[in-house]
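> 3D, please:
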Amino acid sequence: MDYPGANVGLIVLPGGAIAVDAPALPADARAWRQQAMDTAGGPILYVVLTDAHPDRLLCAGLLGAPIVTTREAYEQAAGYTDGYWRSVVDGWSRRYPAAARELADTRVALPEIMFSSRITLSKGGSDVTVEQVNGAAPGSAWVYLSDSNVLFAGDTVTTQTHPFVAATPNSEAWLITLRALRRGRSADAVVVPGRGPITAGADTRALSDYLALARRRVRSLQRAGRSRAETTALVAELLSAFPVLDEERDLVQRRVKAGLDRLYDELKAE
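Predicted coordinates for the structure are as follows:
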């Protein structure tokens, strides 16, 4: 579904449905919950979060089901302070003033079911496996449905938009994940990305190229003895890689700069 923030998905089972990620605005979360139950003809059984990005976590509790995520993602979510959440709510309220009152009243629900490596959710008359992967955030996860060859990839795959690099634990491992996705049966998989239009496993080259370019540029900066603050000089080049709406330019510039700073720290530590 097309909601502001992260993409959401639904896996319909005989006894209900599994929601993958959640809308960031309260009214959207309630509407999505109703649509999910109408589509499935039953309740939402679980909410699987593909990472702990606040866009996904903010209103996940409004879907009315146990939240499932990796242990690393849970630990990240549990570490968010009240001040951090106020900044998240303030940011969304500036973008969507009509939702400001509801956002201020929203109480974030932490995940209730955590796993390491993988978990199989059997409730609902069918088995659905959630797997931890090396991706855009600590404890990234995705859901692959082998029968239908559909992958809910979270921010490990984004299309036609700038990826969120600022929280990645290991950008090289993320690139390896993307290369593996372009091989074998997964190359033909229908991929629901964390953000952007649906794609195929084979069509993740643009994201890999972006990450590889960012790593090269940051490494060159370091070799020239330049400081972390000077990654600002790289923002314009990377900004041109994907389309940016005029009203979101400042937001995306900050996203790109935060990602470059993260890569600077990562590569410096190697």
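> contacts, neighbours, all on C-alpha from now
OK.
> Show me how the chain divides into domains.
Taking automatic domain parsing as the criterion, the chain consists of the domains 9-202, 206-269.
> mind checking how far A19 is from A258?
With distances taken as CA to CA, to the nearest Å, A19 is found 29 Å from A258.
> What of G139?
Distance, G139 to A258, by CA to CA: 19 Å.
> out of those two, which sits in the busier spot?
Set G139 next to A258 and count neighbours by other CA atoms under 10 Å: G139 wins out with 26 against 19.
> wait, is that one part of a helix?
No - judged by DSSP: H, G, I helix; E, B strand; the rest coil, G139 forms no part of a helix; its state is coil.
> Quick check on it: phi, psi?
Dihedral pair for G139: phi 70, psi 30, per degrees, to the nearest 10.
> ok, now how distant is it from R223?
G139 sits 31 Å away from R223, going by CA to CA.
> Mind jotting down where the helices sit in the stretch 101-250 of the chain?
For the stretch 101-250 of the chain, the helices defined by DSSP state H, counting those that start in this stretch cover 171-181, 205-223, 235-239, 249-269.
> what would those helices look like in TSV with distance to A40 and mean pLDDT?
Conversion of those to TSV gives the following (distance: least, CA to CA, whole Å; pLDDT from 0 to 100):
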stretch	distance to A40	mean pLDDT
helix 171-181	29	97
helix 205-223	33	97
helix 235-239	40	96
helix 249-269	36	96
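> Give me the below-cutoff pLDDT ranges for the stretch 51-200 of the chain.
For the stretch 51-200 of the chain, applying pLDDT under 70 flags the ranges 124.
> Run a quick neighbour tally on T161.
By other CA under 10 Å, the residues close to T161 number 16.
> In this structure it contacts G196, no?
Yes - applying CA atoms under 8 Å, one finds T161 in contact with G196, separated by 6.3 Å.
> Nearest the geometric middle of the chain, what residue?
The chain has D155 as the residue nearest its centroid, 3.3 Å off, counting by CA atoms, centre = their mean.
> Tell me how far the nearest residue to that one once chain neighbours are set aside lies from D55.
With sequence-adjacent residues excluded and distances taken as CA to CA, 6 or more residues apart in numbering, D155 is closest to G194, at 4.2 Å. Distance from G194 to D55, counting by CA to CA: 11 Å.
> And for S186?
From S186 over to D55 the distance is 27 Å, taken as CA to CA.
> before we move on, what about V235?
23 Å.
> what do you get for A173?
24 Å.
> Can you pick out the residue with more neighbours from these two?
A count of neighbours by other CA under 10 Å puts D55 above the other of A173 and D55, at 21 against 15.
> nearest spatial neighbour of that one, skipping sequence neighbours?
Nearest residue to D55, sequence neighbours excluded (CA to CA, 6+ apart): A24, at 5.0 Å.
> Let me know whether the one you found touches L58 as I believe.
Yes - the pair A24 / L58 is scored as a contact, 5.9 Å apart, by CA under 8 Å.
> dump the residue contacts of A233.
With contacts defined as CA atoms under 8 Å, 6 or more residues apart in numbering, A233 has no neighbours.
> Model confidence for it, exactly?
pLDDT recorded at A233 is 96.
> R185 and A200, how far apart?
Distance of R185 to A200, computed by CA to CA: 11 Å.
> quick one: which of the two has more around it?
Per other CA under 10 Å, whichever of R185 and A200 has more neighbours is A200, with 18 against 12.
> Report pLDDT for Y3.
We have a pLDDT of 89 for Y3.
> That one against A22, yeah?
No - counting by CA under 8 Å, Y3 does not reach A22; the two are 9.2 Å apart.
> Thank you kindly, that will do.
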